[in-house]
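A.B. asks: Requesting a structural model of the entry that follows:
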Amino acid sequence: MSVHDLLTNIGEDPEREGLLNTPDRIARMYDELTAGYHVDTEKLINGALFNVDYDEMVIVKDIEFYSLCEHHMLPFFGRAHVAYIPDGKVIGLSKIPRIVEMFARRLQVQERMTKQIADFIKETIQPKGVAVVVEGVHMCSMMRGVKKAEASMITSAYLDQLKNNRDLRTEFIDHINSRRSMD
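C.D. replies: Residues are numbered from 1 along each chain as shown. Presented below is the predicted three-dimensional model:
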């Protein structure tokens with residue numbers, strides 16, 4: 001069903017002034033919101049892998065994201081927190097938010113997105129461990145269905161040392177739960 005037909009089916013006049021360009025705006029919006037399908041991962045990483053003698057946890061937290069639920073095509077959004085333990089190689093700081101963005105800009109379920117981020121980081125830099133925690137609110141449960149505005153979802157993916165070592169997992173969780181500002 002086209003946007004024109006959708007407008008007609010809900011009782012609107014697609015020919016009225018305010019709606020004349022809506023089908024084109026919707027098409028451009030979906031191109032932007034689903035741009036993650038078209039990301040060239042080589043260009044995304046752009047050689048930003050560096051040999052570094054560092055083996056402590058690297059954490060990038062509070063990465064905001066916006067995605068679309070694949071079941072209703074309504075937004076879900078929130079924050080992602082990503083950690084890895086390098087094994088002689090680190091990735092440029094800006095690349096982790098870009099990785100989150102690449103997977104968020106697809107039709108998604110939060111559970112899959114969380115795992116995709118973790119798996120991609122593991123494949124790309126082959127660290128000793130990876131952890132991803134995603135906190136999201138879903139418009140499909142806020143606006144329709146159960147209509148619970150305060151409900152949020154937390155998903156996690158832990159790989160290798162961050163999966164098997166409770167102390168490392170606790171360290172990661174402690175870091176993401178600290179909301180201390182840099183002031």
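A.B. asks: Convert the worst-scoring helix or strand of the chain on mean pLDDT to CSV, retaining C-alpha atoms only.
C.D. replies: In the chain, no helix or strand scores lower on mean pLDDT, DSSP states H and E than helix 139-143, which sits at a mean of 87. C-alpha atoms of helix 139-143 as CSV (Å, rounded to 0.1, in the frame of the first residue of the first chain):
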residue,chain,number,x,y,z
MET,A,139,6.8,3.6,21.0
CYS,A,140,4.9,0.4,20.0
SER,A,141,4.3,-0.4,23.6
MET,A,142,3.9,3.3,24.6
MET,A,143,1.4,4.5,21.9
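A.B. asks: Check what contacts that helix and list those residues.
C.D. replies: With contact meaning CB atoms under 8 Å, 6 or more residues apart in numbering, helix 139-143 is reached by 69, 71-72, 74-76, 147-149, 151. For glycine as for every other residue, the C-beta is placed from the backbone atoms N, C-alpha and C.
A.B. asks: go on, stretch 90-108?
C.D. replies: The contact list for stretch 90-108 (CB under 8 Å, 6+ apart) reads 32-37, 39, 41, 44-46, 48-50, 52, 54, 58, 60, 63, 65-70, 73, 76, 80, 82, 113, 116-117, 120-121, 124-125.
A.B. asks: now swap in stretch 48-60 and tell me
C.D. replies: Counting by CB under 8 Å, 6+ apart, 81-97, 124-125, 128, 168, 171-172, 175-176 sit against stretch 48-60.
A.B. asks: ChimeraX command for the buried members of the residues you listed?
C.D. replies: Restricted to buried positions by 16 or more other CB atoms under 10 Å, the ChimeraX selection for those reads:
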select :81,82,83,84,85,86,90,91,95,96,97,124,125,128,168,171,172,176
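A.B. asks: So which of the contacts of stretch 48-60 are in helices?
C.D. replies: Counted as lying in helices by DSSP state H, out of the contacts of stretch 48-60, are 95-97, 124-125, 168, 171-172, 175-176.
A.B. asks: Now render these as JSON lines, adding pLDDT.
C.D. replies: Supplementary listing: the ones in helices among the contacts of stretch 48-60 in JSON lines, determined by pLDDT from 0 to 100:
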{"residue": "95", "pLDDT": "98"}
{"residue": "96", "pLDDT": "98"}
{"residue": "97", "pLDDT": "98"}
{"residue": "124", "pLDDT": "97"}
{"residue": "125", "pLDDT": "96"}
{"residue": "168", "pLDDT": "97"}
{"residue": "171", "pLDDT": "97"}
{"residue": "172", "pLDDT": "98"}
{"residue": "175", "pLDDT": "96"}
{"residue": "176", "pLDDT": "95"}
